[in-house]
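**Student:** prediction below, plus the sequence it came from.
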Amino acid sequence: MSPRRILEIIGAVELATLVLMLGNIVTVHQPEVSQVLGPMHGLAYTATVIAAVLVMGGRHRIWLLALIPGIGGLLAARAALPAA
């Protein structure tokens, strides 16, 4: 699996957990859901930034894009390498 693909997967998980957390807050606001999704999102965000640093290949724009919460991982993956 290519590093770009890994970054895409981690970015998608980060975005999905953020959307689920915000959906929980807007609708039923179950604390249990927040207790599970909060750390999961934090871990996905951290993994996205670390993966972007490892993939950046000398281009600082990639890890700077990864710092954007929610969509940063997907943007960094898109900027990382040409599509395989």
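**Tutor:** Thanks, I have the structure now. Numbering: from 1, shown residues only.
**Student:** how about stretch 48-67: buried residues?
**Tutor:** 48-49, 51-52, 55-56, 62-66 (16 or more other CB atoms under 10 Å). Just so you know, the C-beta spots here come from the backbone N, C-alpha and C atoms, and that holds for glycine as well.
**Student:** and of the residues you listed, the nearest to G11?
**Tutor:** Checking those against G11 by CB to CB gives T48 as the nearest, at 5.6 Å.
**Student:** and the helix or strand that contains the closest one, what does it pack onto?
**Tutor:** Here T48, judged by DSSP states H and E, is contained in helix 31-55. Contacts defined by 3 or more CB pairs under 8 Å, 6 or more residues apart in numbering; DSSP states H and E place helix 31-55 against helix 3-26, helix 60-66, helix 72-80.
**Student:** in a markdown table: these, plus mean pLDDT.
**Tutor:** Shown next, in a markdown table, are these (pLDDT from 0 to 100):
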| stretch | mean pLDDT |
| --- | --- |
| helix 3-26 | 94 |
| helix 60-66 | 91 |
| helix 72-80 | 91 |
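**Student:** which of the ones you listed is buried the deepest?
**Tutor:** Stretch with highest mean neighbour count among the helices and strands packed on helix 31-55: helix 72-80 (a mean of 23; mean count of other CB atoms under 10 Å).
**Student:** so what touches that helix?
**Tutor:** 3-5, 7-8, 10-12, 14-15, 44, 48-49, 51-52, 55-57, 59, 61-63, 65-66, 68 (CB atoms under 8 Å, 6 or more residues apart in numbering).
**Student:** just the CA atoms of that helix, as PDB, please.
**Tutor:** The C-alpha coordinates for helix 72-80 follow below in PDB (Å, rounded to 0.1, in the frame of the first residue of the first chain):
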ATOM      1  CA  GLY A  72      -6.400  18.300   6.200                       C
ATOM      2  CA  GLY A  73      -5.500  14.700   5.800                       C
ATOM      3  CA  LEU A  74      -7.400  14.400   2.500                       C
ATOM      4  CA  LEU A  75      -5.900  17.600   1.200                       C
ATOM      5  CA  ALA A  76      -2.400  16.500   2.200                       C
ATOM      6  CA  ALA A  77      -2.900  13.100   0.500                       C
ATOM      7  CA  ARG A  78      -4.000  14.900  -2.700                       C
ATOM      8  CA  ALA A  79      -0.900  17.100  -2.700                       C
ATOM      9  CA  ALA A  80       1.500  14.400  -1.600                       C
END
